[in-house]
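Visitor: here is my input, please return the structure:
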Amino acid sequence: MIWRVRRVLTGHDADGRSTFIADGPAPNVKEMTAITGLALTDLWETGAAPASNLGLKDAAARPVHLEPPKNGTILRIVEFPPDSAWRGATDGKAGFKAIGAGHAQDKSSSDPMMHKTSTVDYIIVLKGEITAIMETGEKLLRAGDVLVQRGTNHSWSVRGAEPCIIAAVLVSAKPVGASSKKKSSKKSKKKKK
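Guide: This next block holds a predicted model:
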């Protein structure tokens, strides 16, 4: 059963006073059919920095997508199922495509969840245990642990019998290597002249 998150939103009333504008189960939940038991609950999204606090519109009321908008952020809860529920019986390509991230999957990896995003992710383990997997190693994370994921190729594994629940703040970032590629091409153009 997918963990339901209570989301409380604040805002301003017509007189500019602080008020609560929503309180209840977060409505924007995407259960991933390609990976049984994987669910993403988007709580809020910003589209620029600095962000705007005007209006009463629910910024998470849109289709769930993996990455935030350019210069934006996403606040998300992710429930990861035990590997035994999905590994060996999943279509990673379909899973990433379902959240607008077909480009993120590492198609050369044997791990269907290995992927890279143009983000800095602040990951806080709320419940359970999860293994963060990099190309050169892995670390077990437990409730209360924090991982700062900086645009790296990564995957996740829940090796126990219980799901793991994490909170994640995804911040738009420049892709790794983007600035060095631009500098290299500028130097190449100068040398050719």
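
Visitor: how far is stretch 165-174 from where the chain is centred?
Guide: Here stretch 165-174 is found 5 Å from its chain centre; the criterion is Cα atoms, centre = their mean, to the nearest Å.

Visitor: report the buried residues of it.
Guide: Of all the residues in stretch 165-174, those buried under the rule 16 or more other Cβ atoms under 10 Å are 165-170, 172-173. The way it works is simple: take the backbone N, C-alpha and C, and place the C-beta from them, glycine included.

Visitor: just the helices in the protein please.
Guide: 92-98, 178-192 (DSSP state H).

Visitor: averaged pLDDT, the shortest one. What do you get?
Guide: Helix 92-98 carries an average pLDDT of 79.

Visitor: kindly report the same for stretch 112-127.
Guide: 93.

Visitor: can you give me the end-to-end distance of it?
Guide: Separation of the first and last residues of stretch 112-127 by Cα to Cα, to the nearest Å is 23 Å.

Visitor: swap in stretch 94-103?
Guide: 11 Å.

Visitor: who touches that stretch?
Guide: For stretch 94-103, the external contacting residues (Cβ atoms under 8 Å, 6 or more residues apart in numbering) are 30, 32-35, 38, 40, 63-67, 93, 104-105, 112-113, 115, 117.
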